[in-house]
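[1] sequence plus the predicted model coming up.
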Amino acid sequence: MNKIIPIGIIIIVIVIIIGALAYQTTVNKNVSNNMTNMSNMTSANSSSNGLQATVKVENGTFNPTTLTVQPGTTVTWIVNDTSNTKYMITSNQTNLFMSNNLTNGQSFSFQFNQTGNYSYYDMDSMSNMGPNGIIIVQ
């Protein structure tokens with residue numbers, strides 16, 4: 001009887017560990033799928049009607065900070081920063097757009113199809129957690 005209790009506890013611990021591992025695998029898979037979906041959405045959106053605009057990312061700033069475009073315009077952020085700074089351009093609106101980590105010479109594009117104001121920031125810059133730029137679509 002005394003040996004049954006420790007074996008039961010060991011079995012419970014093993015079941016908990018397996019459950020935690022299965023949960024973590026599911027979470028990682030969902031995060032990966034969400035990033036793939038966002039990447040596919042951006043790629044699909046980049047087949048535009050020819051309207052293009054550019055924002056330069058230099059020395060921790062966006063230039064221009066405010067950009068006004070027409071619906072259907074593809075905006076491309078181009079990193080021109082030789083300091084090896086990483087940038088992750090992220091929309092303040094949930095799941096609208098988020099780039100991968102970008103360094104000097106890399107770019108990220110997103111097509112804005114609906115009118116509105118779209119603020120964004122550099123997620124990698126912990127000192128600038130507020131909106132660092134805005135795209136106005138009208």
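    Received, thanks.
[2] use CA for all of it now, contacts and neighbours both
    Fine.
[3] the closest residue to Met123 other than its chain neighbours and Val137: what is the separation?
    Distances taken as Cα to Cα, 6 or more residues apart in numbering put Met88 closest to Met123, at 5.2 Å, once the chain neighbours are dropped. Note on Met88: its distance to Val137, by Cα to Cα, to the nearest Å, is 22 Å.
[4] again with Thr54
    14 Å.
[5] with Val15 instead?
    Val15 is 53 Å from Val137, by Cα to Cα.
[6] likewise for Asn101?
    According to Cα to Cα, Asn101 stands 25 Å off from Val137.
[7] pLDDT below threshold where in this structure?
    Flagging of the chain using pLDDT under 70 yields the residue ranges 1-4, 23, 25-49, 125-131.
[8] what's across from the residue most central in space within it in the sheet?
    Taking Cα atoms, centre = their mean as the criterion, Met98 is the residue nearest the geometric centre of the chain, at 2.6 Å. With DSSP bridges as the criterion, Met98 is bridged to Thr90.
[9] for the chain, what spans make up the strands?
    Ranges of strands within the chain are 52-58, 61-63, 66-69, 73-79, 89-91, 107-112, 116-122, 133-137, based on DSSP state E.
[10] nearest to Ala22, of these?
    Nearest to Ala22, of all those, is strand 89-91, at 29.8 Å by Cα to Cα.
[11] ok, the residue nearest to the centre of the chain - contacts?
    Contacts for Met98 (Cα atoms under 8 Å, 6 or more residues apart in numbering) come out as Met38, Met88, Ile89, Thr90, Ser91.
[12] from Ile18, how far off is it?
    For Met98 relative to Ile18 (Cα to Cα), the value is 33 Å.
[13] next, the distance between the ends of stretch 99-116.
    Counting by Cα to Cα, you get 20 Å between the two ends of stretch 99-116.
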